[in-house]
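[1] Return a 3D structure for these sequence lines:
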Amino acid sequence: MVVAYLQTYHEAEKADIEDLLLNKVSNALNEDQKHQFIKFLLKEMRKEGTIVAVGRTRGAKWVLTSSSEKL
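    Below you'll find the predicted structure:
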C-alpha cells in the first residue's frame with residue numbers, strides 16, 4: 001500500500017503515510033501502538049531498500065528507491 005502510494009505521488013511525509021495506514025492497522029492496538037507500528041514498518045522498508053528518507057527530522061519525505069520503482 002505504501003509502495004503504491006509512493007508510485008502515484010512520488011513522495012510522502014510520515015503524516016501522509018500515517019493517514020493512509022492508521023485505519024488499516026489492527027484495532028487491538030491503541031493509538032500509540034499504531035503509530036509505533038507504522039514507524040517500525042517504515043524503518044523495515046528502509047532497511048530492505050524499498051524506500052529512503054530524503055531530508056531529516058520533520059521535513060523528511062519518504063520516496064521509493066530506484067530499484068523498487070519497478071515493482
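[2] Show me what counts as buried in the helix or strand Glu18 falls within.
    Glu18 belongs to helix 14-21 when assigned by DSSP states H and E. For helix 14-21, the neighbour count (16 or more other CB atoms under 10 Å) marks 14, 16-18, 21 as buried. Every residue, glycine included, has its C-beta placed from N, CA and C.
[3] Where do the helices of this protein begin and end?
    2-9, 14-21, 31-48 (DSSP state H).
[4] Okay, now the unreliable bits of this structure?
    Scanning the chain for pLDDT under 70 picks out the ranges 68-71.
[5] As a quick check, tell me the outermost residue of it.
    Ranking residues of the chain by C-alpha distance from their mean position (CA atoms, centre = their mean) puts Ala28 at the top, at 20.6 Å.
[6] residue contacts, the residue nearest to Lys61 when sequence neighbours are not counted?
    Residue nearest to Lys61 in three dimensions, not counting chain neighbours: Glu11, with 4.3 Å by CB to CB, 6 or more residues apart in numbering. By CB atoms under 8 Å, 6 or more residues apart in numbering, the contact set of Glu11 is 54, 61-63.
[7] Provide the backbone phi and psi angles at Glu11.
    phi -160, psi 160 (degrees, to the nearest 10).
[8] Let me know how buried the nearest residue to Ser67 once chain neighbours are set aside is, in neighbour terms.
    Counting by CB to CB, 6+ apart, Gly49 is the residue found nearest to Ser67 once chain neighbours are left out, at 6.4 Å. A count of nearby residues for Gly49, using other CB atoms under 10 Å, gives 11.
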